[in-house]
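A.B. asks: pasting a predicted model and its sequence here:
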Amino acid sequence: MRATREREQEQFMRRCFELSRLAAGSTSPNPLVGAVIVHQGRILGEGWHKKYGGAHAEVEAFRSVAAEDRRHIPESTLYVSLEPCCIHRNTPACTDLIRRERFKRVVISVRDPHPEVSGRGIEILKSAGIEVVEGVLAEEGRELIAPQRIYYEENRPYILLKCAQSANGFMGIRGRRVPITGALSQRLVHRWRKESDAILTGSGTFIVDNPLLTNRLWFGESPVRILLDRRGRLAQILPKRPQPHSPTLLFSSRPPAVPLPSSVEWLPYPEEPHALQKLMQELAARNIRRLLVEGGAEILRSFLQAGLWDEIRLGTAASSLAHTASEKELLIPTPQLPPEARWEQSFSLENDRWDIYKRKLPV
């Protein structure tokens, strides 16, 4: 009997996770959350938090319940991937709805890391006589809200390093723009951009590749652009190049001598030691929860050496990077994976292979 109940709980919690991911890239700074209402094994309603400022998952699930099924709510179980909120911000507290509708039982995966919630929502429900079960598929639940956990616990964004390499392990040829992966991979990367709050690259990549760093191949918005300019070169270059309308933060060691485009904000490059850590804290202060790093080998290596990474997405092309004898010394090797990188999954797109690595989150 107990094993059957546990299987049922996991089944419906996985559905919560599936629902939550439908809003990837639309809810930040809020987390992804899904909810399912179940009565005697039958789903009465389900929903997810669709966008920041909109109704939470519990409300969406309740609204989806048919009128003739509302009478079953007091005998139903609410499954939700994250502890229901108990604070009033853009929307009312979800604990108010749950108490008002007299749900019998609430099953959650993990507690909300928000310091104003973090267990208070559970206690409010228990005080109202509602049975609360927590910890169902907790590891996956923690992964789902990793950007929020890291923001509150480490005062920085969730950092995703994206890297593309040739079959023989090189990222490019110094001083030249060299496409590595194919068209489908490019479209996938634009999806990742849409799912991120900000995208970061360094001055070397910006000067050589002249990337727009925008989302043009997937639906949704473009992220904030972040340019790292430790050598103070970009303030002179940016005004000479057409710039997208996406907000851009230029962290540079040299103040601009000429007016920058209206979309660009200059900020001083943080002083050493721990310049990257200070920069990440500045991004956290701006409510950036998820950062995609699309830099060259130097930028990627800097993040790896500083221990500032949570996920690595490594794309490998089927072909080797061709080069002349004179170009051999200009080949850029891919930075080595850190020993704590844990392989998660692989998949193929056309002739490209993508490997996903994560660092195990603290419990």
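C.D. replies: That came through fine. Residues are numbered from 1 along each chain as shown.
A.B. asks: quick one: the helices in the chain?
C.D. replies: 2-20, 57-63, 94-100, 120-127, 138-144, 146-154, 183-194, 203-209, 234-237, 275-285, 297-305 (DSSP state H).
A.B. asks: out of those, which is closest to residue 329?
C.D. replies: Nearest of those to residue 329, taken as Cβ to Cβ: helix 297-305 at 14.6 Å. For the C-beta atoms, the positions are set from N, CA and C on the backbone; glycine is no exception.
A.B. asks: in that closest one, what counts as buried?
C.D. replies: Neighbour-count burial for helix 297-305, counted by 16 or more other Cβ atoms under 10 Å, picks out 297, 299-300, 302-304.
A.B. asks: next, count neighbours for the residue nearest to residue 241 when sequence neighbours are not counted.
C.D. replies: Spatial nearest neighbour of residue 241, chain neighbours left out: residue 210 (6.6 Å); criterion: Cβ to Cβ, 6 or more residues apart in numbering. Residues near residue 210, counting by other Cβ atoms under 10 Å, number 11.
A.B. asks: surely residue 210 touches residue 240?
C.D. replies: No. Using Cβ atoms under 8 Å, residue 210 makes no contact with residue 240, being 10.8 Å away.
A.B. asks: geometrically speaking, which residue is the centre of this structure?
C.D. replies: Among the residues of the chain, the one closest to the centroid is residue 290, at 4.3 Å (Cα atoms, centre = their mean).
A.B. asks: who's in contact with that one?
C.D. replies: Contacts for residue 290 (Cβ atoms under 8 Å, 6 or more residues apart in numbering) come out as 28, 147, 157-158, 160, 195-198.
A.B. asks: now, which of those sits nearest residue 338?
C.D. replies: Nearest member of the contacts of residue 290 to residue 338, counting by Cβ to Cβ, is residue 160, at 14.5 Å.
A.B. asks: please save the CA atoms from stretch 229-237 in PDB.
C.D. replies: Output of stretch 229-237 as PDB, limited to C-alpha atoms (Å, rounded to 0.1, in the frame of the first residue of the first chain):
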ATOM      1  CA  ASP A 229      36.200  44.300 -21.200                       C
ATOM      2  CA  ARG A 230      39.100  44.000 -18.800                       C
ATOM      3  CA  ARG A 231      41.500  45.600 -21.300                       C
ATOM      4  CA  GLY A 232      39.300  48.600 -22.000                       C
ATOM      5  CA  ARG A 233      38.800  48.100 -25.700                       C
ATOM      6  CA  LEU A 234      35.100  48.000 -26.300                       C
ATOM      7  CA  ALA A 235      34.000  51.600 -25.400                       C
ATOM      8  CA  GLN A 236      35.700  52.800 -28.600                       C
ATOM      9  CA  ILE A 237      34.300  50.000 -30.800                       C
END
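A.B. asks: okay, buried residues for that stretch please.
C.D. replies: Judged by neighbour count using 16+ other Cβ under 10 Å, the buried positions of stretch 229-237 are 229-230, 233-235.
A.B. asks: same check, this time on stretch 113-122
C.D. replies: Applying 16+ other Cβ under 10 Å to stretch 113-122 flags 113-114, 117, 120-122 as buried.
A.B. asks: can you list contacts of that stretch?
C.D. replies: 83-87, 93-95, 108, 111-112, 132, 134, 145, 148-149, 151-153.
A.B. asks: quick one: distance of that stretch to the chain centre.
C.D. replies: Relative to its chain's centre, stretch 113-122 lies at 21 Å (Cα atoms, centre = their mean, to the nearest Å).
A.B. asks: next one: stretch 217-236
C.D. replies: The answer for stretch 217-236 is 18 Å, by Cα atoms, centre = their mean.
A.B. asks: re the thing from before, drop anything exposed from the contacts of residue 290.
C.D. replies: Buried among those by 16+ other Cβ under 10 Å: 28, 147, 157-158, 160, 195-198.
A.B. asks: report how far apart the opening and closing residues of stretch 115-131 are.
C.D. replies: Distance across stretch 115-131, first residue to last, is 23 Å (Cα to Cα, to the nearest Å).
A.B. asks: ok, stretch 168-187 next?
C.D. replies: 23 Å.
A.B. asks: against residue 226, how distant is residue 240?
C.D. replies: Separation of residue 240 from residue 226 (Cβ to Cβ, to the nearest Å): 20 Å.
A.B. asks: so between the two, which is more surrounded?
C.D. replies: Counting neighbours by other Cβ under 10 Å for residue 240 and for residue 226 shows that residue 226 has the greater number, 25 against 8.
A.B. asks: is the closest residue to that one other than its chain neighbours bridged to anything, and to what?
C.D. replies: In space, and not counting its chain neighbours, residue 226 is closest to residue 200: 4.1 Å by Cβ to Cβ, 6+ apart. Beta-bridge partners for residue 200, by DSSP bridges, are residue 226, residue 293.
A.B. asks: count of residues packed around residue 92?
C.D. replies: 14.
A.B. asks: go on, the one 10 residues further on?
C.D. replies: Residues contacting residue 102 under the criterion other Cβ under 10 Å number 13.
A.B. asks: if I pick it, what's in contact with it?
C.D. replies: 73-74.
A.B. asks: distance of it from residue 117?
C.D. replies: Taking Cβ to Cβ, one finds residue 102 at 22 Å from residue 117.
A.B. asks: do residue 210 as well
C.D. replies: 44 Å.
A.B. asks: thinking residue 211 is in contact with residue 294, fair?
C.D. replies: Yes. Between residue 211 and residue 294 a contact is recorded at 7.5 Å, counting by Cβ under 8 Å.
A.B. asks: what's the overlap in contacts for those two?
C.D. replies: 201, 205.
A.B. asks: which of the two has more residues huddled nearby?
C.D. replies: residue 294 (23 against 13).
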